[in-house]
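1. Structure of the sequence below:
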Amino acid sequence: MIETWPGHGLENERGEKVMPWDYSEKVLQLFRDAMAAKAGTHMGSIDDPDGIGSHGSLSCGDALEFAFKVDATEPDPRRQKIVQARYRTFGCTSAIASSEALCALIEEKGLTPIQALKITNADIVDYLDGLPAQKLHCSVMGAEALQAAVADWAHKRNIPLSELGLDAIPTGEDEGRIVCRCFNLTEPFIRRKVKELNLKTIADITNAIKAGGACTACHHEPGGLQDILDDTWGRSDSSQAATPAITDPQPMPQTSSSMTRTPFQLAREVDRVVESDIRPRLQHDGGDLEIVEIRGKKVFCRLTGGCQGCKGAPQTMRLVVEDALRAKVDAELEIVAI
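-> Numbers count the residues shown, from 1 in each chain. Next comes the predicted model:
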């Protein structure tokens, strides 16, 4: 369902704000209720939580903090049910709806922290009646934040999760070599999620955890996403379904004619790269770009849609917009965000 929503989304030809994704009615309803702070919603913080954890990066605009309180009247901590769940998120419609779904699944079923660990991103997606493929990472973010919060709860109570027959909750072991520099995602984390979520292509990885969704440099570089897929599933398996390398338009040759192009020619080249390269990347996550004016070598532009006001907007402007225009139009261009 595509619907208009005041102050959120992209503008259509009538100047109305519209959601850039085909969300289910359940997603939209949870989002509306949370934004209106209706009774029964869960956006907010908890004073002195029994468990708190986070996942994501403020630098890329997607981050979730999840916290909960348990029933302290139960003396056995292993049997204490979660009585209050709350979240804070910097993210889009699907991030808010996924967080609401996570809290609702826990509270409605009266789960203990140990039982809550069995909630997967697939459970969150089912609760929402589905998510667009490009937004599956929001459900993964919720499941990861939940795991981190339960790990915090267990640590405070000296409960060894391994003795309870549960898989070790990944925390510190996700530290390691950065593979996706745009979203600060490490090799151990990517390898873990590839196995957990049965990710077989680069597109699968990007949809699930956002790795490779911005500059694409990590797709096929040594030790990058394709190498991780090949190492995990075997070259014959992953390479058959692997996403083809994205072939960027060739940089404009820096000849005397290109260096002396007219303002009209420069504007056309900028528009070409925006349409062929920059805009598809931004729209992949609900954003867009508006070129306001070009004065000499200065390109004045603004991010719109899901990128507007995002914590990661400066990084997006540098890694996606500036790098593309300098590489493919003119290395001396100065990008001015307004």
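2. buried sites along the longest helix along the chain?
-> Ranked by residue count under DSSP state H, the longest helix found in the chain is helix 136-156. Judged by neighbour count (16 or more other Cβ atoms under 10 Å), helix 136-156 contains these buried residues: 136-154. In short, each C-beta sits where N, CA and C put it, glycine included.
3. And for stretch 31-46?
-> Result for stretch 31-46 [16+ other Cβ under 10 Å]: buried residues Phe31, Arg32, Asp33, Ala34, Thr41, His42, Met43, Ile46.
4. pLDDT averaged over it, what's the number?
-> Throughout stretch 31-46, pLDDT has a mean value of 94.
5. Any chance you could list what contacts that stretch?
-> 23, 30, 52, 65, 67-69, 84-89, 93, 96-97, 99-100, 103-104 (Cβ atoms under 8 Å, 6 or more residues apart in numbering).
6. can we see that at 7 Å?
-> Ala67, Lys69, Gln84, Ala85, Arg86, Tyr87, Arg88, Thr93, Ile96, Ala97, Glu100, Cys103 (Cβ atoms under 7 Å, 6 or more residues apart in numbering).
7. Of these, which is the most crowded?
-> Ala97 (30 neighbours; other Cβ atoms under 10 Å).
8. Extract the C-alpha set from the strand or helix carrying that residue and format it as CSV.
-> Applying DSSP states H and E as the criterion places Ala97 in helix 93-109. C-alpha atoms of helix 93-109 as CSV (Å, rounded to 0.1, in the frame of the first residue of the first chain):
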residue,chain,number,x,y,z
THR,A,93,9.0,3.7,8.9
SER,A,94,10.0,0.1,8.8
ALA,A,95,12.5,0.5,11.6
ILE,A,96,9.8,2.0,13.9
ALA,A,97,7.3,-0.7,12.9
SER,A,98,9.8,-3.5,13.4
SER,A,99,10.6,-2.2,16.9
GLU,A,100,7.0,-2.0,17.8
ALA,A,101,6.5,-5.5,16.5
LEU,A,102,9.4,-6.8,18.6
CYS,A,103,8.0,-5.2,21.8
ALA,A,104,4.5,-6.4,21.1
LEU,A,105,5.7,-10.0,20.5
ILE,A,106,7.4,-10.0,23.9
GLU,A,107,4.7,-8.4,25.9
GLU,A,108,1.7,-10.1,24.3
LYS,A,109,3.3,-13.6,24.9
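9. Can you name the element that comes right after that helix?
-> Taking DSSP H and E, what comes next after helix 93-109 is helix 113-116.
10. following that next one, which helix or strand shows up next?
-> helix 121-127.
11. which helices and strands does that next one pack with?
-> On a contact count with 3 or more Cβ pairs under 7 Å, 6 or more residues apart in numbering; DSSP states H and E, helix 121-127 meets helix 93-109, helix 136-156.
12. Okay, buried residues for that helix please.
-> Asn121, Asp123, Ile124, Val125, Tyr127.
13. Can you tell me which of the buried residues of stretch 31-46 end up in helices?
-> Counting by DSSP H, the buried residues of stretch 31-46 contribute Phe31, Arg32, Asp33, Ala34 to helices.
14. Now these in JSON lines, please, with extra columns for distance to Gly234.
-> Formatted as JSON lines, those follow (distance: Cβ to Cβ, whole Å):
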{"residue": "Phe31", "distance to Gly234": "41"}
{"residue": "Arg32", "distance to Gly234": "45"}
{"residue": "Asp33", "distance to Gly234": "46"}
{"residue": "Ala34", "distance to Gly234": "43"}
